[in-house]
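K.L.:
Okay, sequence plus prediction incoming.
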Amino acid sequence: MEENDKSHIIAEICQAVLGGELERAAVVLRYTYPFTRPTVAGRKYTESEALRIFIRDGFVDRYSGQRLVFSPVLRLLSRLLPEEFPFHPNWKMDACHIAYWELSPTLDHVVPVTLGGADNATNWVCTSMLRNSVKANWTLEALGWHLVPPGDLHQWDGLLQWFVTYVEEHQELAQEPYFRRWHRAARSAWQQAL
């Protein structure tokens, strides 16, 4: 029997229920496999905070080691090549290139907030949107996952510098709120990282 196997507890509770011993079943459950209501903290971070974590982690998915691409790069490609690289504002799978799910970095709470994890940089890691969706509110142990080392920003920067350079060379992009916001955040975060 695995160390984390809780099925034997449920089996014991079922035996107590079968024997008409609901109070014993309740006691077993209460002391060996209790329901614990987590304190739910709010989840919020700014674009700059997210970018600092992406840079800290070297634009690497900390659950798989896969290299990730700064999301505004993908959005820029969708703007330039809308038929070949479509984007949907709600990320609809049938209307959005799969690269958005596979390669876009996002923050994940290593210990889910719903299980009492902190909502701050000590508990945030960079992961893909796809893995973030799969992980949801599960622990790494429950999924059989582990953290991999962060990437080396000098070997892979998620095309962050490419984005900054491209926007600076194409100033019309800086007029669009999305690109302007991320360009400003990227320049600031990169300077702080150096």
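P.N.:
Cool, got the structure. Numbering: from 1, shown residues only.
K.L.:
And the strands in the protein, which stretches?
P.N.:
Under the criterion DSSP state E, the chain contains strands at 105-109, 124-128.
K.L.:
Could you say which of the ones you listed is packed most deeply?
P.N.:
strand 124-128 (a mean of 24; mean count of other Cβ atoms under 10 Å). Quick note: C-beta positions are derived from backbone N, CA and C, even for glycine.
K.L.:
contacts for that one?
P.N.:
45, 53-54, 56-57, 59-64, 66, 68, 101-110, 135, 147, 150 (Cβ atoms under 8 Å, 6 or more residues apart in numbering).
K.L.:
Quick one: low-confidence residue ranges for this structure.
P.N.:
For the chain, the stretches with pLDDT under 70 are 1-4, 38-43, 194.
K.L.:
go with 80
P.N.:
By pLDDT under 80, the weakly predicted segments of the chain are 1-5, 36-44, 193-194.
K.L.:
domain parsing for the chain?
P.N.:
According to automatic domain parsing, the chain comprises the domains 1-35, 47-193.
K.L.:
which one of these is the most hemmed in?
P.N.:
domain 47-193 (a mean of 16).
K.L.:
So which residue is smack in the middle of the chain?
P.N.:
Residue closest to the average C-alpha location in the chain (Cα atoms, centre = their mean): residue 108, at 3.1 Å.
K.L.:
residues contacting that one?
P.N.:
63, 124-127, 131-132, 135.
K.L.:
How much space separates the closest residue to it other than its chain neighbours from residue 179?
P.N.:
With Cβ to Cβ, 6 or more residues apart in numbering as the criterion, residue 108 has its nearest non-adjacent residue at 4.5 Å, and that residue is residue 127. Counting by Cβ to Cβ, to the nearest Å, the gap from residue 127 to residue 179 is 24 Å.
K.L.:
go on, residue 155?
P.N.:
With Cβ to Cβ as the criterion, residue 155 and residue 179 are 26 Å apart.
K.L.:
hang on, the earlier thing: for the contacts of residue 108, which one is nearest residue 165?
P.N.:
residue 126 (22.0 Å; Cβ to Cβ).
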